[in-house]
Structures are given as structure tokens and as C-alpha cells.
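Visitor: make a model of this:
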Amino acid sequence: MAIKLSICIPTYNRAPLLRELLDSIDGPGLDNIHVAICDNASTDNTAEVVELYREKFLNLDYRVNERNLGPDRNYLAAATMARGEYCLLMGSDDAFMPQAISEILQYLDSGPDLLVYNRIDASFKMKPIRRMHAATFAVEPARLEIRCEKEIVDYLDHCNSIGAVYSYLSAVVFRVERWKAESCPEVLIGSAYPHTGIFLSIMREGCSLIYTDRPMVLWRGGNDSFLSGDMTKRVELDLAGYDLLAETIFQDYPDAAAALRRLVFREHTEWYMRRFEIFLPRKLRMSPEGWKRVNRRLNEWGTPGRRYRLFDNVTPLWLFPSFVRRMLLRSYSLAKKLVT
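Guide: Numbering: from 1, shown residues only. Model prediction:
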């Protein structure tokens, strides 16, 4: 039987979490699934955990790198292991929602080049906290044909988070032949977003895309390998990474580059980040010095963060539902235009 979907898992020293992920790959259609694990020279018992699943998965491949390649190159190495028509690069600390595998396979029956879906943010112990809404479309699911820069811009302007623009590994399924037709620019290695560069290149060349608001995976909070010290580094990584993506992938698509930067700026205004931060362990929340650094960077780039600075200081905006935030911010922006 031909393999429809390869679930390719880059991992490093996450044996207990990897086991939770492998347990979550369940449901009908497993004969149609290929599981590939790319071990970045782990020093824990990852190999022993993998052996426990040989009977569950008829199509299981396990590769151990001779040396640690770093996360970015391991993402790319994991994708080369795909044997299916489609591939999903799955974070080894995440897990699938019940029935997610069968739902993903149903979406793939219509033959998109890219499938993007939502997630549930959870605690480290995988207790659900909130549901992400990475994009907003009038129709669910949104089935799009992207063939020109204008349609790329339209997609980006419907996005609420960079999660809908391929930042989050576990929420994108791609046609393997389209991935192989692109190459990752060397400048993106070390940015944390080499995979995003390939997906943006696929979109730039023209593709069919399905976006669904259905959450298919649980994202484990408090375990981001890029959260070192506090949230500051994570935010700065996003700002620098997506600026580099805009410059590299959309260098001759100025409107698409501007739309990509707009999205990053929208997601990283202070009111949004403070709302997100309340879900993090206290030790990972941004320090006062971190807020100053991030806000300075945002203001240098001319983001909406500067426009809402006073509003943020006097209103606990991050505590409001999203529709209330949008209404208040639009009202505030309109009022400023009327008085200036």
C-alpha cells in the first residue's frame, strides 16, 4: 500500500516526551502512515523508546546523526526521511489531538500542496489552556489557490499569527515533491526558520493551500528550546527571523514582504505579548529590561506597538477577548485620526 503521510520527527534528548507523542499517533489508517525519527545524537534513552514502537508502526524508520547538527539542519534532515506523498515535520514534544490523524488524511484527499491547521496551547503536563486562532477566513475550511503576489498578500492579511505562516513545525503538512523542488537558502540556517523559508518559497511559486481552524495538535508550553532566560530571546528571534525571511524570499515581492512584516508586528505588540505571557511559567516571563529591548526594537521598525503605547499602559488589554480587543483598538485608532 502506498504511504500517504510521513510523520517526520526531529528530536534531541526528549525520550519521555517522544513517547507521549508516539502514543498519540493513533486511530484508523495507521497502515497508510510512515513514522520517521531523526535523532540529533541524543545522549538519553531515545533509541530504547523507539524500539518499543516497532510493532505499533509497520512503517517506522529511525536515524541517529553522527553528531549534533543543530536544530535547523536536523529539521531539514528529518524531511529527507519522508517516504509518503505528504510529510509533516512534528515537534517531538508535541502530541496529536484525538482523531487528528484521520482528519488530516481526509483533508489530504483533496490534494492540496499545503495544509495548515490550528493548535491547542497546553501546559508542560499537556493540560489544555487555550485554543489558537492563527488565521480568520469567512469559510471553514479555507481552500485557496495562490498564484500571484496579490494572493500571497491576501493570505498573509487574513493571518493573526505567524503560526499560520509556517513558524510552528507541527501545524503544516506539505506535498513532498514540492518541498524537494525548493532549497533552503544558507542564510536561513541558524534563524530557527529554515522550514518556513521553504514553505514561503512554495507559496511564492504558486500552490493550493487549505487552512482549517480545527486544532489538530497540542503544543507543550514551557519547553521551547529558544526560551533561554525569559521570553525576550524568543520574541527577538521571531522579529529577526521573519525580517530575514521577508528580505530573502520576497526580495522582489515588496508587497508580500511588507505584509509578512505587518503580520509579525501585529503579533508582537505589547498588548498581545502580555496576554500570551500569562500562560508561561513565571521564570520565563519577560523582565522589565526585556520589555524595554523588545519595545525599542518594535518602535525602531515603526510597528503598531508605538501607536498603542499609551493605550497599553492604561488598559489591561491582554485580558479582553480578541473581538473586544479588535473593537477597542479600531476605535482608538479612529479617534487618534480624528484629533490629529
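
Visitor: residue 179 versus the nearest residue to residue 215 once chain neighbours are set aside, what's the distance?
Guide: Nearest non-adjacent residue to residue 215, counting by CB to CB, 6 or more residues apart in numbering: residue 118, 4.3 Å away. The way it works is simple: take the backbone N, C-alpha and C, and place the C-beta from them, glycine included. As judged by CB to CB, to the nearest Å, residue 118 and residue 179 stand 22 Å apart.

Visitor: one more: residue 334?
Guide: From residue 334 over to residue 179 the distance is 44 Å, taken as CB to CB.

Visitor: burial check on the residue nearest to residue 185 when sequence neighbours are not counted, number of neighbours?
Guide: Leaving aside its sequence neighbours, residue 185 sits nearest to residue 248 (CB to CB, 6+ apart; 5.4 Å). Applying other CB atoms under 10 Å, we find 16 residues neighbouring residue 248.

Visitor: can you list the strands that the strand or helix carrying the residue nearest to residue 215 pairs with?
Guide: In the assignment (DSSP states H and E), residue 118 maps to strand 114-122. Strand 114-122 pairs in its sheet with strand 128-131 (antiparallel), strand 172-175 (antiparallel), strand 207-220 (parallel), by DSSP bridges.

Visitor: neighbour count: residue 334 and residue 179, which is higher?
Guide: Each of residue 334 and residue 179 has its neighbours counted (other CB under 10 Å); residue 179 has more, 24 against 10.

Visitor: the more buried one and residue 79 touch, don't they?
Guide: Yes. With contact defined as CB atoms under 8 Å, residue 179 counts as touching residue 79 (6.2 Å).

Visitor: can you tell me how far the residue nearest the centre of the chain is from residue 76?
Guide: Centroid-nearest residue in the chain: residue 168, 1.4 Å away (criterion: CA atoms, centre = their mean). Note on residue 168: its distance to residue 76, by CB to CB, is 17 Å.

Visitor: with residue 45 instead?
Guide: Counting by CB to CB, the gap from residue 45 to residue 76 is 25 Å.

Visitor: same deal with residue 4?
Guide: Distance from residue 4 to residue 76, by CB to CB: 22 Å.

Visitor: got it, and residue 86?
Guide: Relative to residue 76, residue 86 is positioned 17 Å away (CB to CB).

Visitor: quick one: low-confidence ranges for the stretch 151-300 of the chain?
Guide: The stretch 151-300 of the chain contains residues with pLDDT under 70 at 223-229, 269-281, 283-284, 300.

Visitor: run the last query once more with 90
Guide: Applying pLDDT under 90 to the stretch 151-300 of the chain picks out residues 221-240, 262, 264-300.

Visitor: would you map the helices across it?
Guide: With DSSP state H, counting those that start in this stretch, the ranges of helices along the stretch 151-300 of the chain come out as 176-180, 194-205, 231-249, 254-267, 270-277, 288-300.

Visitor: between the second one and helix 231-249, how big is the angle?
Guide: So that's helix 194-205. Angle, helix 194-205 to helix 231-249, by axes from the mean of the first three to the mean of the last three CA atoms, to 10 degrees: 40 degrees.

Visitor: helices of the stretch 1-150 of the chain, residue ranges please.
Guide: 15-24, 46-51, 71-79, 100-108, 149-157.

Visitor: now, of those helices, which is deepest in the fold?
Guide: helix 71-79 (a mean of 20; mean count of other CB atoms under 10 Å).

Visitor: which strands and helices lie in contact with that one?
Guide: When contacts are defined as 3 or more CB pairs under 8 Å, 6 or more residues apart in numbering; DSSP states H and E, helix 71-79 packs onto strand 5-11, strand 33-39, strand 86-89, helix 194-205.

Visitor: go with 6 Å
Guide: Secondary-structure packing of helix 71-79 (3 or more CB pairs under 6 Å, 6 or more residues apart in numbering; DSSP states H and E): strand 5-11, strand 33-39.

Visitor: now the first one: mean pLDDT?
Guide: So the one you mean is strand 5-11. On average, the pLDDT along strand 5-11 is 98.

Visitor: give the pairing partners of that strand; include direction for each.
Guide: strand 33-39 (parallel), strand 86-89 (parallel).

Visitor: what comes into contact with that strand?
Guide: Strand 5-11 has contacts (CB atoms under 6 Å, 6 or more residues apart in numbering) with 18, 33-39, 74-75, 78-79, 81-84, 86-90, 92.

Visitor: and the residue nearest to residue 239 when sequence neighbours are not counted, how far from residue 237?
Guide: Counting by CB to CB, 6+ apart, residue 239 lies nearest to residue 297, which is 6.0 Å off, once chain neighbours are set aside. Going from residue 297 to residue 237 by CB to CB gives 12 Å.

Visitor: give me the common contacts of these two.
Guide: Common neighbours of residue 297 and residue 237 (CB under 6 Å, 6+ apart) do not exist.

Visitor: dump the helices and strands packed on helix 71-79 to CSV, plus mean neighbour count and distance to residue 192.
Guide: Supplementary listing: the helices and strands packed on helix 71-79 in CSV, determined by neighbours: other CB atoms under 10 Å; distance: least, CB to CB, whole Å:
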stretch, mean neighbour count, distance to residue 192
strand 5-11, 26, 12
strand 33-39, 24, 17
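
Visitor: so which of those is nearest residue 189?
Guide: For the helices and strands packed on helix 71-79, distance to residue 189 was read as CB to CB. The smallest value, 14.1 Å, belongs to strand 5-11.
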